[in-house]
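K.L.:
Need coordinates for the below:
(one chain, ligands or ions: 1)
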Amino acid sequence: MDFKHDPKNDFKSIDDLDKKEAEKEIKALREGIEYHNYLYYVKNQPKISDSTFDRLFKRLQELEKAFPEFQSEISPTQKIGAPPVDRLKKIKHTVTMLSLNAALENKEAQDFDDFIRRNTGQEKITYVVEPKFDGMSVEIVYEGGHFKYGATRGDGQTGEDVSENIKTIRAVPLRLRSEEGDEVPSFLAVRGEVFMPKKAFQELNKKRIELGDNPFANPRNAAAGTMRQLDSKKVAGMPLDIYFYEILSIEGMEFSSHWEVLHQLPEWGLKIDKDNRRCESFQKAERYRDELNQRRDELEYEIDGIVIKVDNHTIREQLGTRQRSPRWALAWKFPPKKEVTTLEDIVVQVGRTGMLTPVALLQPVEVGGVTVSRATLHNEDEVHSKDVRPRDKVRIARAGDVIPEVVERIKERGKKRGKKFFMPDECPVCGSEVFKEGAYYFCSAGLTCSAQLIGHILHYASRNAMNIEGMGEKVVKKLVDRELVKDVADLYHLSVDDLKTLEGFAQKSAENLYQAIQGAQEARLDRFLYALGIRHVGQHVARVLAREFNTLNKLQKAEEDELQEVPEAGPQIARSVHHFFKQEQNQKVLERLQESGVQVKPMETRAMSLPLKGKKFVFTGGLDQYTRDEARQTVEDLGGRATSSVSKETDYLVVGEEPGSKLDEAKKHHVKILDEGEFKKLVEKL
Ligand code: IVH
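P.N.:
The predicted structure follows:
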């Protein structure tokens, strides 16, 4: 059994495994998963698809559940978080986690090189240049090759125990890798930087804004905030990554240079950055710094400079350290990506959730290679604390180098300034009353505000909501601009002729969209609730509420305190849901949706009738729209059973990406075969 090289190996039914076989398979699965993690994260050369990986992972989880005697703290399945804690414990570091002296000017960096050459009598120094990752520094300790704990830097002597959070980061191995016969150190403390890639950061912030949470200011704050979470299960879903860059202490092994260390770390499965470079002189290091500065925007993660480090360990020792920083390394910062321009006006933008955001309209300016003509001012308080007004000169930065932001006003004497900014009392788009929540203002109109409408319709039609295929941004904009749709209920009154009048539409495409809309008239309560786009009601909350109240009618009538008692709901959600259903406009839209034939199915009746009672399902290959758990749960909710192997008793085989030998088996037994789409249709119809 070798899942490293033969991951498609088919699985025996768990019921048929004896203890010995299970132990053997668990061992092989763990090794296979660790190996494929290594290929994916460290080598950046995955050999198997995500779905095959998920299949191995799932199987290991199932085996560990069925044979708890083989559970282990360092199993790759232990990367999903632990119960929350009240506070983070303190941890004393194995050695002081030093900080770095920083240079901003080239002259300071030149002085650093001069100092080292003078003090060591060397003519030329070999350096290692590494990107200076903008994240959170951590110490991770492995004992006997096994993950022991992980801690934040804190004050350098003592940090906070964030072991559970660190364990959830997929690129952190719980066991050090060793090639056959090679030994791993009996003790190893490594230092690395936990960070959030730029793209993941943007997506996370988008989601937070949609849910009404404050966005993180930059990827570093996002990484640091996440790392200090008390509930590691929440961290498990976060897109955190890590690069390792120093050994803090090690037993039983010595290295003569940093470059050697950087070769060894990945051998143990500890990921290093591919942009680290050895430079044989200061001049070469300087050139590489300029190159990285040029490429800065293309990198997938934020860097704010380079770290230039003496390569040779003997020279490092000769130089020694100051109280807080080594003499052999320097953080050489890039100049900040900021530019000065004129703020022409402050306008208010209305988002899907109705949130009003002040936006600065700028005289276009290039900031770090990107032309910026708008920048967010976040909220009214921020406009006031920065004291910016139309006609002011302002400094612009790309915050976290992603979203352009107004950093500060540049004072100019004797210049006539524009008017102080205040949020309007009425929504700038629909004129409805504006209300305030925390530091943010919202349009109270809900589904009838036209600025929100485009976003709402897109959300209503999205895959996890009503799933109307073909209802993309361009179409929705046209429908709203042409006033063919004033609320989501209008969608159901569109005729083929209406759709045909849209630019780019012909008879056939209009008919297709018409069918897609008419086909989206039925939805289970949780999907419908999610589709309504109520603030703070994402998919999960929608499911929780739907399970609790069962019918739309009951939920609509629920009082705020009743809503608050729903586990996981809390006051913010309760207030938002209550407010939504109390709004007259929203009530009207809901009535019209019902009149248009939209049927909201209660959760319970569906489950109580158990339409799949007695039916046996087997899944093979990776599914796109469901995790295995969700697929299984769906079948079980409807009274069916999901089993792991195909037999003549099996009723359905659901085939995903890269199906295993179960497909042949199913054909042999004439089992009905469904692809994912067919499976989805089947369960949604019931
Ligand atoms: S080496 C004794 N290498 O920068 C050497 N630090 O301003 C200590 N950092 O707290 C650090 N990238 O969090 C090192 N490639 C890198 C780094 C790096 C980012 C951070 C680290 C440190 C801070 C100092």
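K.L.:
Excluding covalently adjacent residues, which one is nearest to the residue of the stretch 51-200 of the chain found nearest the ligand?
P.N.:
Using C-beta to the nearest ligand atom, the single residue of the stretch 51-200 of the chain nearest to the ligand is residue 137, 3.0 Å away. The C-beta positions use only the backbone N, C-alpha and C, and glycine is treated the same way. What sits nearest to residue 137 in space, not counting adjacent residues and going by C-beta to C-beta, 6 or more residues apart in numbering, is residue 153, at 4.4 Å.
K.L.:
Check which residues of the helix or strand where the residue of the stretch 51-200 of the chain closest to the ligand lies are buried.
P.N.:
Using DSSP states H and E, residue 137 sits within strand 136-143. Using 16 or more other C-beta atoms under 10 Å as the test for burial, strand 136-143 gives 136, 137, 138, 139, 140, 141, 142.
K.L.:
do stretch 439-452 as well
P.N.:
440-452.
K.L.:
circling back to that earlier point, make TSV from the buried residues of strand 136-143 and add pLDDT to it.
P.N.:
Formatted as TSV, the buried residues of strand 136-143 follow (pLDDT from 0 to 100):
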residue	pLDDT
136	95
137	96
138	97
139	97
140	98
141	98
142	97
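K.L.:
secondary structure class for residue 8?
P.N.:
coil (DSSP: H, G, I helix; E, B strand; the rest coil).
K.L.:
Once you drop chain neighbours, what's closest to it?
P.N.:
residue 660 (5.8 Å).
K.L.:
where does the stretch 551-686 of the chain have low pLDDT?
P.N.:
604-609, 686 (pLDDT under 70).
K.L.:
next one: the stretch 201-350 of the chain
P.N.:
210, 212, 214, 217, 336.
K.L.:
hang on, residue 306 packs against residue 129?
P.N.:
Yes: at 5.3 Å, residue 306 and residue 129 qualify as touching, with contact defined as C-beta atoms under 8 Å.
K.L.:
Could you check which of the two has the larger neighbour count?
P.N.:
In this view residue 306 and residue 129 are compared by other C-beta atoms under 10 Å, and residue 306 has more residues nearby, 28 against 24.
K.L.:
wait, what's in contact with that one?
P.N.:
By C-beta atoms under 8 Å, 6 or more residues apart in numbering, residue 306 lies in contact with 129, 130, 131, 132, 288, 289, 292, 331, 332, 334.
K.L.:
repeat that for 6 Å
P.N.:
Contact analysis of residue 306 by C-beta atoms under 6 Å, 6 or more residues apart in numbering lists 129, 132, 289, 292, 332.
K.L.:
Can you show me the strands along the stretch 151-300 of the chain?
P.N.:
158-160, 187-195, 241-251, 277-279 (DSSP state E, counting those that start in this stretch).
K.L.:
Just put those in a markdown table and tack on distance to residue 524 and mean neighbour count.
P.N.:
Below are these laid out as a markdown table (distance: least, C-beta to C-beta, whole Å; neighbours: other C-beta atoms under 10 Å):
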| stretch | distance to residue 524 | mean neighbour count |
| --- | --- | --- |
| strand 158-160 | 43 | 18 |
| strand 187-195 | 39 | 23 |
| strand 241-251 | 36 | 20 |
| strand 277-279 | 55 | 18 |
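K.L.:
got those as a markdown table, with distance to the ligand columns?
P.N.:
Formatted as a markdown table, these follow (distance: least, C-beta to the nearest ligand atom, whole Å):
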| stretch | distance to the ligand |
| --- | --- |
| strand 158-160 | 11 |
| strand 187-195 | 5 |
| strand 241-251 | 4 |
| strand 277-279 | 12 |
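K.L.:
Of all those, which one is nearest residue 514?
P.N.:
strand 241-251 (45.0 Å; C-beta to C-beta).
K.L.:
between the closest one and strand 136-143, how big is the angle?
P.N.:
50 degrees (axes from the mean of the first three to the mean of the last three C-alpha atoms, to 10 degrees).
K.L.:
Test my guess that residue 356 contacts residue 439.
P.N.:
No: in this structure, residue 356 is not within contact of residue 439 by C-beta atoms under 6 Å, at 11.3 Å.
K.L.:
This protein against the ligand: which residues are in contact?
P.N.:
Applying C-beta under 6 Å from any ligand atom, one finds that the chain approaches the ligand through 98-100, 130, 132-133, 137, 153, 193, 245-246, 307, 326, 329, 331.
K.L.:
Point out the ones among these that are inside helices.
P.N.:
Among the residues of the chain next to the ligand, no residue falls in helices (DSSP state H).
K.L.:
and of the residues you listed, the nearest to residue 510?
P.N.:
residue 133 (51.6 Å).
K.L.:
show me the contacts for the closest one.
P.N.:
Taking C-beta under 6 Å, 6+ apart as the test, what residue 133 contacts is 193, 195, 243.
K.L.:
Also residue 598?
P.N.:
Residue 598 touches residue 521, counting by C-beta under 6 Å, 6+ apart.
K.L.:
how about it, phi and psi?
P.N.:
phi -70, psi 130 (degrees, to the nearest 10).
K.L.:
what does the biggest helix by length in the chain contact?
P.N.:
Ranked by residue count and defined by DSSP H, the top helix of the chain is helix 19-37. Helix 19-37 has contacts (C-beta under 6 Å, 6+ apart) with 1, 3, 4, 48, 53, 56, 60, 63, 67, 70, 75, 76.
K.L.:
Next one, pLDDT for the residue nearest to the last one when sequence neighbours are not counted please.
P.N.:
When the adjacent residues along the chain are set aside, residue 76 lies closest to residue 33, with 4.6 Å between them (C-beta to C-beta, 6+ apart). According to the per-residue confidence, residue 33 scores 95 in pLDDT.
K.L.:
For the ligand, what's the nearest residue on the stretch 501-650 of the chain?
P.N.:
residue 538 (33.1 Å).
K.L.:
Phi and psi next, for that residue.
P.N.:
According to degrees, to the nearest 10, residue 538 has phi -90, psi -170.
K.L.:
For residue 577, see how far away it is.
P.N.:
The spacing between residue 538 and residue 577, counted by C-beta to C-beta, to the nearest Å, is 12 Å.
K.L.:
which of the buried residues of stretch 439-452 lies closest to the ligand?
P.N.:
residue 440 (32.5 Å).
K.L.:
Please check which residues sit opposite that closest one as beta-bridge partners.
P.N.:
On the basis of DSSP bridges, residue 440 is bridged to residue 437.
K.L.:
How many residues are close by residue 107?
P.N.:
Counted with other C-beta under 10 Å, residues neighbouring residue 107 total 9.
K.L.:
That one is in what secondary structure piece?
P.N.:
Counting by DSSP H and E, the element that carries residue 107 is helix 106-120.
K.L.:
who's in contact with that helix?
P.N.:
So helix 106-120 is contacted by 103, 125, 282, 315, 318, 330, 332 (C-beta under 6 Å, 6+ apart).
K.L.:
ok, and the closest non-adjacent residue to residue 183?
P.N.:
Closest residue to residue 183 apart from its sequence neighbours, by C-beta to C-beta, 6+ apart: residue 252 at 7.8 Å.
K.L.:
ok, the one you found to residue 314 distance?
P.N.:
From residue 252 to residue 314 the distance is 20 Å (C-beta to C-beta).
K.L.:
Could you do residue 389 as well?
P.N.:
Taking C-beta to C-beta, one finds residue 389 at 60 Å from residue 314.
K.L.:
Pick out whichever of the two has more residues nearby.
P.N.:
More crowded of residue 389 and residue 314, by other C-beta under 10 Å: residue 389, with 17 against 11.
K.L.:
Leaving out the residues flanking it, which one is nearest to the more buried one?
P.N.:
residue 418 (4.2 Å).
K.L.:
Could I get the contacting residues of the one you found?
P.N.:
389, 390, 391.
K.L.:
Serialize those to JSON lines and add fields for secondary structure, pLDDT and distance to residue 426.
P.N.:
Formatted as JSON lines, the contacts of residue 418 follow (DSSP: H, G, I helix; E, B strand; the rest coil; pLDDT from 0 to 100; distance: C-beta to C-beta, whole Å):
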{"residue": "389", "secondary structure": "coil", "pLDDT": "96", "distance to residue 426": "21"}
{"residue": "390", "secondary structure": "coil", "pLDDT": "95", "distance to residue 426": "20"}
{"residue": "391", "secondary structure": "coil", "pLDDT": "94", "distance to residue 426": "25"}
